[in-house]
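Trainee: could you work out the structure for the sequence below:
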Amino acid sequence: MHVFTPLDTPKGVLIALHGCGGLLSTNTKNGDKLSSRHAAMAQYANALGWIAVFPDSFTTRGRREICTQKFSERTIKQTQRKADALATAQWVKAQEWVPQALTNPVQPKLKSVLLGWSNGGSTVLETIESPKSADAALTNEKITTLIDQAVAFYPGCSAQLARNYRTKVPLTLFIGGLDDWTPPQPCIDLGRSVDAQVYVYPDAHHGFDSPTGKVRLRKEVPNGVNPGQGVHVGPHPDSRNDAYKKLQGLLEQLSVSVR
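Mentor: Numbering: from 1, shown residues only. Sure thing, here's the model as predicted:
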């Protein structure tokens, strides 16, 4: 787990879940450091006064990435990633991030936002899903106690849409209109069905919020809208700027005022 704290007293905690490319940089010189997207999010969160927490679901299980694996070949499943997310959220809520909380019993706990990209975005959806079992009320209470807001960038939504997905956690989705890896329409429909806030960027591909690079065709990715033909991935600065501005507004609304 990687934890980044702001210089001043924190206003909230952002739990960020990496995509299928893993948490760490693919540059061998920086192999033990966060990738550019995750490093940028850590800086972004800290600048807003938020703690950024990044659980690593892959290297702890002997892999750097799973993007180049077919779904049927993947040994790291959403059930494992969901367990990681919940364990991280439990750990976050157990911390005394605000010094005053030790002496002031009425000091409010910091809000927690669960955010994820792509495969991590799908993990966000899995983590906050309302179960349909007999103990659903208890489980829903546990989830909403741990997670105050959920945010997913270009997740896969087809499986959730097919099973009458429900959640009690407020959800915001940021989607690329040109995404040929995780198609936008299922997420649009899912957002409508659960009353989520959905932002669709018509000119953006998968990974549109990347701070570096350019749009390229990744032929080595076997999944996507056209399996075997690759997927387009890359930044769209205007969409990224708008999405991060909206995310900033969301975090500011949730920020806990500390005295």
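Trainee: so which bits of stretch 161-178 are buried?
Mentor: By neighbour count on 16 or more other Cβ atoms under 10 Å, the buried set for stretch 161-178 is 161, 165, 167-177. (C-beta placed from N, C-alpha, C; glycine too.)
Trainee: max pairwise distance over the residues you listed: which two?
Mentor: Greatest spatial distance in the buried residues of stretch 161-178: 168 and 177, 28.5 Å, computed using Cβ to Cβ.
Trainee: quick one: the helices in the protein?
Mentor: 36-47, 78-94, 119-128, 136-146, 158-162, 184-194, 237-254 (DSSP state H).
Trainee: and the buried residues of stretch 161-178 as JSON lines, adding distance to residue 98?
Mentor: Formatted as JSON lines, the buried residues of stretch 161-178 follow (distance: Cβ to Cβ, whole Å):
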{"residue": "161", "distance to residue 98": "39"}
{"residue": "165", "distance to residue 98": "35"}
{"residue": "167", "distance to residue 98": "28"}
{"residue": "168", "distance to residue 98": "26"}
{"residue": "169", "distance to residue 98": "23"}
{"residue": "170", "distance to residue 98": "23"}
{"residue": "171", "distance to residue 98": "27"}
{"residue": "172", "distance to residue 98": "25"}
{"residue": "173", "distance to residue 98": "30"}
{"residue": "174", "distance to residue 98": "29"}
{"residue": "175", "distance to residue 98": "34"}
{"residue": "176", "distance to residue 98": "37"}
{"residue": "177", "distance to residue 98": "40"}
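Trainee: circling back: of the helices of the chain, which approaches residue 218 most closely?
Mentor: helix 119-128 (14.2 Å).
Trainee: so how far is the closest one off the chain centroid?
Mentor: 7 Å (Cα atoms, centre = their mean, to the nearest Å).
Trainee: dump it to PDB, keeping only the CA atoms.
Mentor: Extracted as PDB, the C-alpha positions of helix 119-128 are listed here (Å, rounded to 0.1, in the frame of the first residue of the first chain):
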ATOM      1  CA  ASN A 119     -10.400  -2.700 -14.200                       C
ATOM      2  CA  GLY A 120     -10.100  -0.700 -10.900                       C
ATOM      3  CA  GLY A 121     -13.200   1.200 -11.800                       C
ATOM      4  CA  SER A 122     -15.000  -2.200 -12.200                       C
ATOM      5  CA  THR A 123     -13.700  -3.100  -8.800                       C
ATOM      6  CA  VAL A 124     -15.300   0.100  -7.500                       C
ATOM      7  CA  LEU A 125     -18.700  -1.000  -8.900                       C
ATOM      8  CA  GLU A 126     -18.200  -4.500  -7.400                       C
ATOM      9  CA  THR A 127     -17.200  -3.100  -4.000                       C
ATOM     10  CA  ILE A 128     -20.200  -0.800  -3.500                       C
END
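Trainee: could you list every helix and strand in contact with it?
Mentor: strand 12-17, helix 78-94, strand 111-117, strand 149-153 (3 or more Cβ pairs under 8 Å, 6 or more residues apart in numbering; DSSP states H and E).
Trainee: just want the angle from it to strand 149-153.
Mentor: 150 degrees (axes from the mean of the first three to the mean of the last three Cα atoms, to 10 degrees).
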